[in-house]
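Q: 3D model of this:
(one chain, ligands or ions: 1)
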Amino acid sequence: MTRIKSRPPKRARSVEPPLERMESRVRDILKDLGEDPQREGLLHTPHRVAKSLRELTSGYRVDVDAMINGALFTESYNEMVLVRDISFYSLCEHHLLPFFGRAHVAYLPDQKIIGLSKIPKLVEIFARRLQVQERMTLQIAETLHDKLRPKGVAVVLEARHLCMEMRGAESHHSPTTTSCMLGVFQRDPRTRKEFLELVKSAAI
Ligand code: ZN
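A: A predicted model of the protein is given here:
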């Protein structure tokens, strides 16, 4: 039996998706929806949709290793580093509809720290792909864990999913929370509690 590969590609794809081909496909979708792609309001829509899809999936084409490796520093600081309330916007891979919210990312360094601005950047790289919230949470945590070799990493994502809120008879407005605790955040309830208390007051 052949297993279908469900994991998305890990390596950055350097080639930009071809706009013209996407545009003609968007035009076909508009026709299938019963619309007239030639009417004034829709005339430039295929171009805009293709461009925005390319932008919203630009995370596939960023070299995560290069971005992180240039921003690692040796430091003896050994307290928790927390960046909270990082806004992100992503697309659910099941419906291509947005899910968006905030990420809270912490790590406990072990000789190495990362430039603070790289943490929101990392969140953005993984958000700008077709995603599920669970995988995005793991990817952020595992990347920091692999690159920094810290004592621990904690990531919490809170997000609203428009595929849940816009579709179906019932609308669900409560945000979905996912988390990934690695190392000391997994092992030590006190460290985990400290982190969770620090992020608790955050709201979308
Ligand atoms: Zn969805």
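Q: Phe100 contacts Tyr89, correct?
A: Yes. Between Phe100 and Tyr89 there is a contact at 4.4 Å, judged by CB atoms under 8 Å. Glycine gets a C-beta too; all of them are placed from N, C-alpha and C.
Q: neighbour count winner among the two?
A: Neighbours were counted for Phe100 and for Tyr89 using other CB atoms under 10 Å; Phe100 has more, 17 against 13.
Q: pLDDT value on the spatially most central residue of the chain, please?
A: Centroid-nearest residue in the chain, with CA atoms, centre = their mean: Ala127, separated by 2.2 Å. Ala127 is assigned 98 on the pLDDT scale.
Q: Give me the domain ranges for this protein.
A: 19-56, 64-200 (automatic domain parsing).
Q: How about the residues of this structure by the ion?
A: 92, 94-95, 163 (CB under 5 Å from the ion).
Q: cutoff 6 Å now
A: 92, 94-95, 97, 163 (CB under 6 Å from the ion).
Q: check contacts around Leu148.
A: By CB atoms under 8 Å, 6 or more residues apart in numbering, the contact set of Leu148 is 72, 107, 109-110, 112-114.
Q: And the strands in this protein?
A: 72-74, 81-92, 98-108, 112-114, 130-131, 152-161, 176-183 (DSSP state E).
Q: who touches the shortest one?
A: When contacts are taken as CB under 8 Å, 6+ apart, the neighbours of strand 130-131 outside the stretch itself are 8, 57, 90-93, 96, 99.
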